[in-house]
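*Asks:* one predicted model, sequence on top.
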Amino acid sequence: MTGTNLFGSEKCQGLDDFLRPEHLISSETKMFCETLRKFVDNEVLPHEEELDDFWDWTERKGHNFVHDIWKKLLIDVGLQKSFMPPEFGGTGGGTTVESCATVEEVARGDFSVACSGFISPWSIAAITIPKPNEFLLKKFSPLLCGDEINMICSAITEPHAGGSVEDYRLKGSQIRTKARLEGNEWVVNGHKLWPSAYREAKWFRVLCAVEGEEFPRNIAQIFVPVDAEGVATSKPYRKMGASIDTNGDIWFDNVRVPKENRAQEVPEDDFKSVMANITIGRLTSAAFPLGVMKRAYEVFKNYVDNREIAGMPMKEHGVIVHELGQMAREILTAEGFLYYIADRLDHPDLYGFPWELKNLALASACQVSVSDLGWSAVNRALDMMGSYGYSREGKIEKLLRDIKITQIVVGGQLLRLTELARYYFGTETI
Ligand SMILES: Cc1cc2nc3c(=O)[nH]c(=O)nc-3n(C[C@H](O)[C@H](O)[C@H](O)COP(=O)(O)OP(=O)(O)OC[C@H]3O[C@@H](n4cnc5c(N)ncnc54)[C@H](O)[C@@H]3O)c2cc1C
């Protein structure tokens, strides 16, 4: 074995030598992660510097590299079907730990590729947890397990509020997108903002409040095809980063869909499903900043290997060594915390179900901590890279912008800290 001596392992073996729990990841998922890494190295990182310029790729005429990224990732590599249960034509069924490992791998290439790339699995989780909805799984199976690119995005955030529509204590009172049952159809009216991949999506999962119903029966997730009559969309927003994840407005004006398009057949289960979805969404969203940190480690390691300070190799300089140690510590802490919480979620018999409040609090803690550690680690690297840190060519400033964006997705940092205060300090009025 290379790098071993009397003291065992002598040298860091690279990206995989942090804390990914290899003993919890199947050989199939390891192979899938290897394939994802090659995909990132060959198809995403070569475009690292130009990605920002392609924020409007869905509005541009003709074929461009972003189309190739989706085709290769979703179809050729097989991500699109990798989360559908095998009995519905997919190759999925992995654990939470394995999901985090795959998200991290793609996020190392680009946060927005991971954000859009994993949006369908997140949407589909609504029809598998707490109970599988066989009707909808069968309906989406040809869509997600075929050779065409198809995405299902999640429309939750609204113009007046994002955090409050997903705050369980507000019991759905802040969801202004309404659904009413008329005969065998839902009629949906409202306005959503921000759904990731809304431009590429063929279906929307829409968080609605059901007219005339009391909590928890008032909360419904209804699947709406993008070409339904009464659906309209805006142009994509221009964000500070995460460019190729498209985000925009969607309006629903008396949109009619069959009543079977509700995610959970038992109305009370839809609330459980939403809670589980937020927990899973926050936890897997913590894998975004972890992947970005790993990329920052690669970029920065290459830099300190080749840069000098005061005539010495940079990584041998006293002041710098302290910062390098801090960065390694931050990656280790982030990775250890993420995979520990993910593993707990894989043992509901011991640690409870994802819709339970402790698990929501733990996933929230994880997303806050990993993204804060990510911000600190990437900012540290940027500082130490001097002027290179501030230019696109230095490949680090994009990572700082992207890490910042990972902090708002699925509710924002303050709501997540509020969940922690509620659980651990018994805060009752907020
Ligand atoms: C790249 C990207 C991708 C996104 N993808 C999606 C998507 O796929 N689907 C989707 O629906 N949305 C998506 N969003 C939107 C995102 O989920 C929201 O921005 C987020 O939930 C916060 O909502 P908001 O922006 O309305 O801010 P606000 O809700 O106004 O929050 C502002 C601050 O107040 C805090 N806060 C809000 N409400 C409460 C409360 N009740 N208690 C305590 N604190 C609170 C928040 O934590 C935050 O820190 C995406 C956003 C980005 C940037």
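*Replies:* Cool, got the structure.

*Asks:* any weak-confidence spans in this structure?
*Replies:* The model of the chain has pLDDT under 70 over residues 1-5.

*Asks:* can you give me the helices in it?
*Replies:* Along the chain, counting by DSSP state H, helices occupy 27-39, 65-70, 96-109, 111-117, 119-125, 134-145, 267-306, 318-345, 348-351, 357-384, 386-389, 397-406, 413-425.

*Asks:* ok, residues contacting the last one?
*Replies:* What that stands for is helix 413-425. With Cβ atoms under 8 Å, 6 or more residues apart in numbering as the test, helix 413-425 has contacts from 163, 166-167, 169, 282, 357-358, 360-361, 364-365, 367-368, 371, 407, 427-428, 430. Glycine gets a C-beta too; all of them are placed from N, C-alpha and C.

*Asks:* of those residues, buried ones?
*Replies:* G163, E166, D167, R282, L360, A361, S364, A365, Q367, V368, S371, Q407 (16 or more other Cβ atoms under 10 Å).

*Asks:* and those residues, which two are the farthest apart?
*Replies:* The span of the buried ones among the contacts of helix 413-425, defined through Cβ to Cβ, is set by D167 and S371 at 19.3 Å.

*Asks:* that older thread, deepest-packed of the helices of the chain, please.
*Replies:* Mean neighbour count (mean count of other Cβ atoms under 10 Å) peaks for helix 111-117 among those, with a mean of 28.

*Asks:* list the helices and strands that one packs on?
*Replies:* helix 96-109, helix 267-306, helix 397-406 (3 or more Cβ pairs under 8 Å, 6 or more residues apart in numbering; DSSP states H and E).

*Asks:* contacts for that helix next, please.
*Replies:* The contact list for helix 111-117 (Cβ under 8 Å, 6+ apart) reads 44, 51, 69-70, 73-74, 79, 103, 106-107, 151, 196-197, 200, 241-246, 287-288, 291-292, 402-403, 405-406, 409.

*Asks:* and the ligand, which of those contact it?
*Replies:* Restricting the contacts of helix 111-117 to those near the ligand by Cβ under 6 Å from any ligand atom leaves S196, A242, D245, I405, V409.

*Asks:* farthest pair in those?
*Replies:* Distances among those were taken as Cβ to Cβ; the most separated pair is S196 and I405, at 10.9 Å.

*Asks:* quick one: the residue nearest the centre of the chain from the ligand, how far?
*Replies:* Closest to where the C-alpha atoms of the chain average out (Cα atoms, centre = their mean) is S285, at 3.9 Å. Note on S285: its distance to the ligand, by Cβ to the nearest ligand atom, to the nearest Å, is 9 Å.

*Asks:* from here on, call the first residue 8.
*Replies:* All set: I'll call the first residue 8, so the last point we hit is now S292.

*Asks:* OK, contacts around that residue?
*Replies:* S292 sits next to Q374, T413, V416, V417 when contact means Cβ under 8 Å, 6+ apart.

*Asks:* and if you look at W210?
*Replies:* Per Cβ under 8 Å, 6+ apart, neighbours of W210: S130, F147, L150, N157, I159, C160, F230, V231, P232, V233.

*Asks:* what about the residue in the stretch 208-357 of the chain positioned nearest to the ligand, distance to F118?
*Replies:* Of all residues in the stretch 208-357 of the chain, A249 sits closest to the ligand, at 4.5 Å by Cβ to the nearest ligand atom. Applying Cβ to Cβ, to the nearest Å, the value for A249 to F118 is 5 Å.

*Asks:* find residues that contact each of those two.
*Replies:* Common neighbours of A249 and F118 (criterion: Cβ under 8 Å, 6+ apart): D409, I412.

*Asks:* what does the protein put close to the ligand?
*Replies:* Counting by Cβ under 6 Å from any ligand atom, the chain sits next to the ligand at 122, 160-164, 168-171, 174, 201-203, 249, 252, 254, 412, 415-422, 425.

*Asks:* recalculate using a threshold of 5 Å.
*Replies:* 161, 163-164, 168-171, 174, 201-203, 249, 415-416, 418-419, 421-422, 425 (Cβ under 5 Å from any ligand atom).

*Asks:* so which of the residues you listed belong to strands?
*Replies:* Per DSSP state E, strands hold the following members of the residues of the chain next to the ligand: S161.

*Asks:* what about burial for the residues of the chain next to the ligand, which qualify?
*Replies:* Buried among these (16+ other Cβ under 10 Å): 161, 163-164, 169-171, 174, 201-203, 249, 416, 418-419, 422, 425.

*Asks:* with respect to E272, which of the residues you listed is nearest?
*Replies:* Nearest to E272 out of these is S161 (Cβ to Cβ; 19.4 Å).

*Asks:* wait, the closest one sits on S130?
*Replies:* Yes - with contacts counted by Cβ atoms under 8 Å, S161 reaches S130, the gap being 4.9 Å.
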